[in-house]
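Test case, fold it:
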Amino acid sequence: MSPGGRMGAVHDDGGRTTGWPAGVEWEAHRAAVFGAAYRILGTVAEAEDVTQEVWLRAAAADLSEVRDLRAWLVTVAARTSYNVLRSARVRRESYVGQWLPEPLLTGPDAAQEVLVDESVSTAMLVVMEALGPAERVALVLHDVFAVPFDHIAEVLGTTPAAARKLASRARSRVAAVQERPRASKAETRRVLEAFRAAAHAGDMARLVALLHPDVVYVGDGGGHVPAARRPVTGAEPVALLTIRLITTRRPDGTRIVEVNGLPALLTHRGGRPVWLDTVEIADGRITAIRRQANPEKLARIGHI
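Numbers count the residues shown, from 1 in each chain. Sure, this is the predicted structure:
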């Protein structure tokens, strides 16, 4: 039976799961399973594969002694994601150009329920990519899903004390992102609308006014399409790059979509997405632009 199956769960008098919780019960926990995998891996494709594997493992497991099904499923997802990270280390280290997470559609654009909080933001996922696999697992399991350190230690093959240290070390590295002010959805949309209008009008002065003097632009082409191999900094260089790309690539248009919990600007041509801009904003100006142009990472955004 697929993850969309309809069979219900069976519980004994102690509340333990004695049958496979497909259907309603699986759907109640699927978002958490996918959410754990996506936060650890940073790609929708790999997170979907992990989610499918978790379902298959649960279908074959004896769950009669499982009292907290959600925690069990999330832990299996983390262990599977941890193995994926370790096996993909060489491929990730040889990634062409700058790496950005695969965008995750949220809000009304999402095909299914997604758990959204600060930990799924693009900025946070970028920092998570710089952490070691064990640090990522420890941080996500404990800080997002409240899994005890003794269980985390089992996943990582270490001690609870070591798991606690891993989470603490990871927490200190992501603290800078957590401390930055986060613009509301309304303000993000307003600034993106102004940015879109100025960019398509070729209005250099207006673009520079919308950008923070120290704005940072990062592009991810994955070696499939041209993209800046290094970050571009400064309002004028980023404004010039923005106008030049629109002029040379001539997209059909743009629209606002919700990605990773906040509005983002999707540019399309011929009915297909060509790049997606997520931004950070402070005091009404853009401090960071992250442009995802890798077609493999835009595939799940869909046609326009």
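
where does the nearest residue to Val144 once chain neighbours are set aside fall, helix, sheet strand or coil?
Counting by CB to CB, 6 or more residues apart in numbering, the nearest residue to Val144 once its immediate chain neighbours are dropped is Ser119, at 5.2 Å. For glycine as for every other residue, the C-beta is placed from the backbone atoms N, C-alpha and C. The three-state assignment at Ser119 reads helix, by DSSP: H, G, I helix; E, B strand; the rest coil.

Okay, Ser119 and Arg86: tell me how far apart.
According to CB to CB, to the nearest Å, Ser119 stands 21 Å off from Arg86.

So these two - more neighbours on which side?
Set Ser119 next to Arg86 and count neighbours by other CB atoms under 10 Å: Ser119 wins out with 21 against 11.

Any chance you could list what contacts stretch 106-117?
The contact list for stretch 106-117 (CB atoms under 8 Å, 6 or more residues apart in numbering) reads 30-32, 34-35, 104-105, 120, 144, 257-261.

Show me which of those has the smallest pLDDT value.
Lowest pLDDT among these: Val120, with 90.

check contacts around the nearest residue to that residue once chain neighbours are set aside.
Nearest non-adjacent residue to Val120, counting by CB to CB, 6+ apart: Asn260, 5.5 Å away. By CB under 8 Å, 6+ apart, the contact list for Asn260 reads 101, 103-104, 106, 116, 120-122, 125, 278.

Show me which residues of the helix or strand encompassing Thr75 are buried.
Using DSSP states H and E, Thr75 sits in helix 69-87. In terms of neighbour count (16 or more other CB atoms under 10 Å), helix 69-87 has its buried residues at 69, 71-82, 84-85.

same deal with stretch 101-112?
Those would be 101-106, 109, for stretch 101-112 by 16+ other CB under 10 Å.

Can you tell me which of the residues you listed is nearest Ala198?
Nearest to Ala198 among these is Pro103, at 22.9 Å by CB to CB.

Quick check, pLDDT for Thr17.
45.

Leaving out chain neighbours, which residue sits closest to Leu241?
Among residues not flanking Leu241 along the chain, Val232 sits closest, at 5.8 Å (CB to CB, 6+ apart).

distance of the one you found from Leu211?
Applying CB to CB, the value for Val232 to Leu211 is 11 Å.

And those two? Which one has more around it.
Between Val232 and Leu211, counting by other CB under 10 Å, Leu211 is the more crowded of the two (24 against 16).

residues touching the more buried one, list them.
Shown in contact with Leu211 (CB under 8 Å, 6+ apart): 235, 238-239, 285-286.

Show me the residues you listed that map onto strands.
Counting by DSSP state E, the part of the contacts of Leu211 found in strands is 285-286.

how about the contacts of Leu211 in CSV, adding neighbour count and pLDDT?
CSV is the format used below for those (neighbours: other CB atoms under 10 Å; pLDDT from 0 to 100):
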residue, neighbour count, pLDDT
Ala235, 18, 98
Val238, 22, 98
Ala239, 24, 98
Arg285, 17, 97
Ile286, 25, 98
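
quick one, helices of the stretch 201-304 of the chain?
For the stretch 201-304 of the chain, the helices defined by DSSP state H, counting those that start in this stretch occupy 204-210, 235-249, 295-298.

Same list, those, but as a markdown table with distance to Gly221 please.
Formatted as a markdown table, the helices of the stretch 201-304 of the chain follow (distance: least, CB to CB, whole Å):
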| stretch | distance to Gly221 |
| --- | --- |
| helix 204-210 | 22 |
| helix 235-249 | 12 |
| helix 295-298 | 9 |
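
After the worst-scoring helix or strand of the chain on mean pLDDT, which helix or strand is next? Please name it.
Every helix and strand in the chain was compared by mean pLDDT, DSSP states H and E; the lowest is helix 89-93, with a mean of 68. Per DSSP H and E, the first helix or strand lying C-terminal to helix 89-93 is helix 122-129.

Against which helices or strands is that next one packed?
Under the contact criterion of 3 or more CB pairs under 8 Å, 6 or more residues apart in numbering; DSSP states H and E, helix 122-129 touches helix 24-41, helix 160-179, strand 285-292.

go again using 6 Å as the cut-off
helix 160-179 (3 or more CB pairs under 6 Å, 6 or more residues apart in numbering; DSSP states H and E).

got the CA positions of the helix it packs on in PDB?
C-alpha atoms of helix 160-179 as PDB (Å, rounded to 0.1, in the frame of the first residue of the first chain):
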ATOM      1  CA  PRO A 160      23.800  11.500  25.000                       C
ATOM      2  CA  ALA A 161      26.500  13.900  26.200                       C
ATOM      3  CA  ALA A 162      28.100  13.900  22.800                       C
ATOM      4  CA  ALA A 163      24.800  14.400  21.100                       C
ATOM      5  CA  ARG A 164      24.100  17.400  23.400                       C
ATOM      6  CA  LYS A 165      27.400  18.900  22.500                       C
ATOM      7  CA  LEU A 166      26.700  18.500  18.800                       C
ATOM      8  CA  ALA A 167      23.400  20.300  19.100                       C
ATOM      9  CA  SER A 168      25.000  23.100  21.200                       C
ATOM     10  CA  ARG A 169      27.800  23.600  18.700                       C
ATOM     11  CA  ALA A 170      25.300  23.700  15.900                       C
ATOM     12  CA  ARG A 171      23.000  26.100  17.800                       C
ATOM     13  CA  SER A 172      25.800  28.600  18.300                       C
ATOM     14  CA  ARG A 173      26.600  28.500  14.500                       C
ATOM     15  CA  VAL A 174      23.000  29.300  13.500                       C
ATOM     16  CA  ALA A 175      22.500  31.900  16.200                       C
ATOM     17  CA  ALA A 176      23.400  34.700  13.900                       C
ATOM     18  CA  VAL A 177      20.600  33.800  11.600                       C
ATOM     19  CA  GLN A 178      18.100  33.500  14.400                       C
ATOM     20  CA  GLU A 179      19.000  36.900  15.800                       C
END
